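Enquirer: quick one, fold the following:
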Amino acid sequence: MERQGFDRTRSRQKKKIYLPYNIKNHPFMKRIFILLVIVFPSLLLHSQPFERELKEVIQLVIPREGGANAANVAWHPIQKKYYAAMAGNISFSLAVYDNTGKLLSPTDQETLFDVRGLWYNPTTKTIQMNGYNDFG
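Expert: Residues are numbered from 1 along each chain as shown. As a prediction, this is how the structure comes out:
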């Protein structure tokens, strides 16, 4: 049952909102667009670091063969030591070095699990590792 005076076609029409002026043709829109086109790429250029030549200051040599994937090198700032591990097997080496690169750990020291990364945790002040699968 329809009410009298109710127009169905009118209720389905979208209402248009009129602004006091047409934004597309606003005199400053072209200027703002041109300004953005010029400024935005220049911001990207300044975010790139300057090129500089790097020089080797220390070399850490893994003490034995096995594996081709170094997991990571972590610096312990309190002990002043580097920790390096090979990823991929539980029998791969874990090495500890002083700040000059001298090996401090035994050459047969192993990771004892498949290391995938290691880092220094400033909260616990320890070197931490994660590993593959259940050790991840």
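Enquirer: okay, CA-based contacts and neighbour counts for the rest of this
Expert: Fine.
Enquirer: please state the offset of the longest helix belonging to the chain from the chain centre?
Expert: In the chain, with assignment by DSSP state H, the single longest helix is helix 27-46. Distance of helix 27-46 from the chain centroid (CA atoms, centre = their mean, to the nearest Å) equals 28 Å.
Enquirer: what's the mean pLDDT across it?
Expert: Model confidence over helix 27-46, given as mean pLDDT, is 73.
Enquirer: after that helix, next one along is what?
Expert: strand 69-76 (DSSP states H and E).
Enquirer: how close does Tyr97 sit to His76?
Expert: 10 Å (CA to CA, to the nearest Å).
Enquirer: least confident secondary structure element in this structure?
Expert: Using mean pLDDT, DSSP states H and E, the weakest-scoring helix or strand in the chain turns out to be helix 8-11, at a mean of 54.
Enquirer: name the residues contacting each of Tyr97 and His76.
Expert: Residues touching both Tyr97 and His76 (CA atoms under 8 Å, 6 or more residues apart in numbering): 82-83.
Enquirer: how about low-confidence regions in this protein?
Expert: Along the chain, segments meeting pLDDT under 70 span 1-27, 43-50, 66-68, 135-136.
Enquirer: pop the domain breakdown of it in here.
Expert: The record's domain parsing of the chain by automatic domain parsing lists 8-46, 69-135.
Enquirer: for the host helix or strand of Ala95, name the packing helices and strands.
Expert: If you go by DSSP H and E, Ala95 is part of strand 94-98. On a contact count with 3 or more CA pairs under 8 Å, 6 or more residues apart in numbering; DSSP states H and E, strand 94-98 meets strand 81-87.
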